[in-house]
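Peer 1: Sequence and predicted structure, then a few things I'm wondering about:
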2 protein chains.
Amino acid sequence: MTRNPLVSDAFVDLLLFDALDVGALTAFDHFREHDRGTFELWMQSCRRLAREKLFAAYRPMDSAPPSLVDGRVRTHPLMNELWPALAETGVINATRPYDVGGQQLPFTVATVASFYLLAANGAAYSFAGLTTGAGHLIETFGDQTVRSLFLEPLYNGTFNGTMALTEPHAGSSLADLTSTATSIGDGTYSIKGSKIFISGGDQSFARNTVHLVLARIDGAPSGTRGVSLFAVPRERPTADGGWEHNDVHVAGVIHKIGWRGIPSLALSFGDEGDCRAWLVGPSNHGLKCMFQMMNEARLLVGASAASTATVAYYESLAYARERTQGRRLGDTDPTSKPVAITEHADVRRMLLAQKCIAEGSLALIARSAKYSDTAQHHPDPDERARAGLLLDLLTPVAKTLPAERGFESNAMAVQIHGGYGYSSEYLPESWLRDQKLNSIHEGTTQIQALDLLGRKVIARGGQALAHFCEEVERDLASAQSNGVDPSLTDAVRAALARWSALTQSLAAKGLAGDVLGMMGHSTDYLDATGSLVLGWMWLWLAGATRQREGGFFDGVRATARFCVAREIPRVHSLADIIERADPAFIELDERSL
Amino acid sequence: MTRNPLVSDAFVDLLLFDALDVGALTAFDHFREHDRGTFELWMQSCRRLAREKLFAAYRPMDSAPPSLVDGRVRTHPLMNELWPALAETGVINATRPYDVGGQQLPFTVATVASFYLLAANGAAYSFAGLTTGAGHLIETFGDQTVRSLFLEPLYNGTFNGTMALTEPHAGSSLADLTSTATSIGDGTYSIKGSKIFISGGDQSFARNTVHLVLARIDGAPSGTRGVSLFAVPRERPTADGGWEHNDVHVAGVIHKIGWRGIPSLALSFGDEGDCRAWLVGPSNHGLKCMFQMMNEARLLVGASAASTATVAYYESLAYARERTQGRRLGDTDPTSKPVAITEHADVRRMLLAQKCIAEGSLALIARSAKYSDTAQHHPDPDERARAGLLLDLLTPVAKTLPAERGFESNAMAVQIHGGYGYSSEYLPESWLRDQKLNSIHEGTTQIQALDLLGRKVIARGGQALAHFCEEVERDLASAQSNGVDPSLTDAVRAALARWSALTQSLAAKGLAGDVLGMMGHSTDYLDATGSLVLGWMWLWLAGATRQREGGFFDGVRATARFCVAREIPRVHSLADIIERADPAFIELDERSL
């Protein structure tokens, strides 16, 4: 193994088997053929793939991003080996049912295994993650024709898949998208329009690409209620079972600062008036269907962000152990031997802050994944509904916390490397660049904030909020009974109470018609929620160590203490800002900026 | 003018003439030949150079960084035009006395003018800033021989200058440097050693390069007390008035992620045993002498960081005004026209946060520069001493606040650009990369924090601290009498009291021998000091508007209100963390990380 484990196996074991108790999932009928052994086997396959193949390809793929040659994208030659390895390992359809060729693994297990793949090479894995999402949309909403055309080749890696939502003029505002779909009478449609920032929108390692595209059928209502979902392959099936050009063109390659192994493209559909599309799901319900893939992709971005922070944490930890420099605080004897920089208080602070953010984010993503498994497969419909609300509430946090705080964390990995940190001879700067995309793509932080406060946390007249508070309370009580210092659980409990009261008072403003009063500080609200959730995650993890002895467990408990000391004051400080909400900055004439 | 002004002229006028009252400097004998007219003239020359020449070269220089060809560094060909333009404008020696060919301008005026040059092209300007620093060292400490050899060609741009401190094994720990100097009997020395991260250490636009090098004379004591300062030219003078090879070699070019127009080099001195050096200042007092250049360079880094944040702020403001997308909060009519994104509450927040950090940082650098002028040229020795202590106290803040918070600010400029923000077709990502260096080079944030808390704020038995509090109090009182909302001045006053008490309690721990208790959270302390200083700066600026009407003045006052609302809670939150200082994280066995 390299000196960088990518993700800590001990941490993953604690998370999966102690904290999440994934073994219990095998009690659900859907997972009855699994046991801890099959889970371990899957983890092992993914670890091996990550450490032996994907990580070695990371730097070459970052250094030589995809290029446009004769209208087609040429991805890095190493992808010609990695893609079959990903597909043959079963990464694309690990969670999909046996009847479509999958392994029917819990989403929780697949997600935690994906941390290794994402930490090793986020771009390479993301081709697979997007393909899973595209396949899953077709599996869920597609009719027999669409399924028979695209499902198998997506799940076995013959094709790759994408989601094509954003249009150049509209950005995040999907209500304003203008791509059109015209019925041509045989059940298919003719598509015309431009899309931008399409990740994996073309490649040179798989036979074909299937885009899941949002467009308006002629005569559809304006806004989001007139949007339909289509499968649009780069090459379409011919009557004789072959494939032919489908009038999908790469209009440009975005030169990205990070996540450079996977291309982000401007695509145009139907320039020649001959782009055929298959409707997926009911017409005018496209956005609702697409939300399945968008929510999966948001967790994927969160997982990618958390893993990018984790791999950089372990790199800076290894560096700090090797690098000797200076002396301990108070030692002024110049003839004494320089110490490893792990001995410096501020390097310690940066290491623990990274561990807190990075592994706390991994825990949040894994926990969200378990709510997803529960929401889909728990025998009790009430439990399913409850888990569904919790998953919905946590998704914007699970997307944003790892992205925004992960960027801080990645900057600390650079800082620990000193002058070497800003040099491209070392890896941390590339992870910092990779991380900067995660607060933007798949719904910006601002979009996630509007979603959390404007929809998710107030869902079902307060039920989502109540469930969330119950979950936190339950874990705090359990942590306390497992020996976690009550001053820590008390601090998180007080922050939860403050946050919950704040949520209710903001919701009351909204109900009274003061939309700006409710939503004007939604990003701060999301940020505060993130710090609260980090505190929750670490006390949950600390409780799961059950006072066991050992360096690893000491580290988890120390990080929990560190997390509460640093994150909980942020909850209060952000709540102060939100409560004192001053509309002056919004009312200011923009010419005064 | 381009759509990006680089720096706001209205803001600079407010800062220089209303807030700082630089006109008053002409009462000092040293500046008696100046008046507001000569200051304006200088500002105008630098603005023009920045806007008409330097900015256009920024992107090409970022895209094609210097390369190593046959052992020499080839800088970007555009530098062949920019360097003479900088030298002929008088940028290198603007502040130096008439008798060495300078214009004897106040450092305050030169610094504020440099904001434009740094915002336009930080790398290009930095060649000049480092040359000024090297020249100034020789001017101050050099004997007649050294001065006659190097001073004029440095100040007129025939040569460029560098500072060469860092060695690969020692990093920030200058006590451990091992380069040696052996007297060769004719008053010169033979140097041997390796240096790394030497900015501007070679180039292809000027005749020669003079390195100001720290090394140990044979037999000198260990630690910092055995370090001497030398001038080491790449080519040395010959008996017949020519120049010959001086055994200085470029060992490697660092591939930096930002600030790419200026090379950062590994240099080796004396590989052939024939590297001649001239002592500058008394032997074994090199570090003390070098601190003059280091402190100037720290303000230069702060100015560069602040300017990098400013130019990105104006770029994102221009973009936000042009870009229409979505609707105001509460407007759910999809047929209404999309609005400019300046209308969105969260874009507003990010614009004001950038303005707060970027222009607040400019104000801090300019204020520090005025303390420098006062410390050197005020007729009253007590005023000189007082200003000197304030400059010393503020220097680590003026270096770090713009670097660390500027990085946040630059990330927001990227965020406002959405998907375009992470694309290298737009400029904000390059400024984000540039900014990341500023928390590392010229003394990392951690080094600045140790300097602030361990030396500067406790200097002269509390005098520095007392002076600082008086300065803030005076500006708060003045702001209040100029119509600034007393709730704002009260908030900053309360934070000042809290911070001052915290400082005293930390100092008391130090005096009692608890070094870790005092210094363990020094970076948090520096961070808290930065937020306090930002609040101070903006109330000072708001007071300087003197209730004048107009969009620009409204903007300054709104930013002051925004700054207090957001930065002052950070002071308290960080003070909470520092006060609850938990040594557990430092005592943790490093194997548990």
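Peer 2: Thanks, I have the structure now. Numbering: from 1, shown residues only, chains lettered A, B, ... in the order given.
Peer 1: Could you give the residue of the stretch 151-300 of chain A that lies closest to chain B?
Peer 2: Closest to chain B within the stretch 151-300 of chain A is residue A:223: 2.9 Å, counting by Cβ to the nearest Cβ. (C-beta placed from N, C-alpha, C; glycine too.)
Peer 1: swap in the stretch 301-450 of chain A?
Peer 2: Of all residues in the stretch 301-450 of chain A, residue A:334 sits closest to chain B, at 2.9 Å by Cβ to the nearest Cβ.
Peer 1: what about that residue, neighbour count?
Peer 2: Residues lying near residue A:334 (other Cβ atoms under 10 Å in any protein chain shown) number 16.
Peer 1: Could you pull up the residues touching it?
Peer 2: Going by Cβ atoms under 8 Å, 6 or more residues apart in numbering or on different chains, residue A:334 touches B:175, B:176, B:222, B:223, B:224.
Peer 1: so what's residue A:192 bridging to?
Peer 2: residue A:180 (DSSP bridges).
Peer 1: Verify the contact between it and residue A:274 for me.
Peer 2: No: taking contacts as Cβ atoms under 8 Å, residue A:192 lies outside contact range of residue A:274: 10.1 Å.
Peer 1: More neighbours: which of the two?
Peer 2: Shown here are residue A:192 and residue A:274; by other Cβ under 10 Å, residue A:192 has more neighbours (19 against 12).
Peer 1: Residue numbers of the stretch 201-350 of chain A in contact with chain B?
Peer 2: A:222-224, A:254-258, A:264, A:317, A:321, A:323, A:325-327, A:329-330, A:334-335, A:338, A:340, A:342-349 (Cβ under 8 Å from any Cβ of the partner chain).
Peer 1: and those, which are buried?
Peer 2: Buried members of those, counted by 16 or more other Cβ atoms under 10 Å in any protein chain shown: A:223-224, A:254, A:256-258, A:264, A:317, A:321, A:323, A:325-327, A:329, A:334, A:338, A:342-349.
Peer 1: mind giving me the domain split of chain A?
Peer 2: A:9-151, A:160-284, A:445-585 (automatic domain parsing).
Peer 1: Save those domains as TSV, and put in mean pLDDT too.
Peer 2: Below are these laid out as TSV (pLDDT from 0 to 100):
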stretch	mean pLDDT
domain A:9-151	98
domain A:160-284	96
domain A:445-585	96
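Peer 1: Pipe those domains into CSV and attach distance to residue B:181 per row.
Peer 2: Below are these laid out as CSV (distance: least, Cβ to Cβ, whole Å):
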stretch, distance to residue B:181
domain A:9-151, 40
domain A:160-284, 44
domain A:445-585, 46
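Peer 1: Show me where chain A has its strands.
Peer 2: A:67-69, A:72-74, A:159-164, A:180-183, A:188-199, A:208-217, A:228-233, A:235-237, A:243-245, A:248-253, A:264-269, A:276-279 (DSSP state E).
Peer 1: neighbours around the closest residue in space to residue A:262 that isn't next to it in sequence, how many?
Peer 2: The spatially closest residue to residue A:262, leaving aside those adjacent along the chain, is residue A:123, at 4.1 Å (Cβ to Cβ, 6 or more residues apart in numbering or on different chains). Neighbour count for residue A:123, taken as other Cβ under 10 Å: 29.
Peer 1: Give the full set of residues in contact with residue A:123.
Peer 2: Going by Cβ under 8 Å, 6+ apart, residue A:123 touches A:61, A:62, A:259, A:260, A:261, A:262.
Peer 1: any idea of the pLDDT on the nearest residue to residue A:122 once chain neighbours are set aside?
Peer 2: If the residues on either side of it in the chain are set aside, residue A:122 comes closest to residue A:304, at 4.8 Å by Cβ to Cβ, 6+ apart. pLDDT for residue A:304: 98.
Peer 1: Is it correct that residue A:304 is in contact with residue A:124?
Peer 2: No: Residue A:304 sits out of contact with residue A:124 when judged by Cβ under 8 Å, with a separation of 11.3 Å.
Peer 1: Comparing these two, which shows the higher neighbour count?
Peer 2: residue A:304 (31 against 28).
Peer 1: wait, what's in contact with that one?
Peer 2: Residue A:304 is in contact with A:118, A:122, A:125, A:126, A:438, counting by Cβ under 8 Å, 6+ apart.
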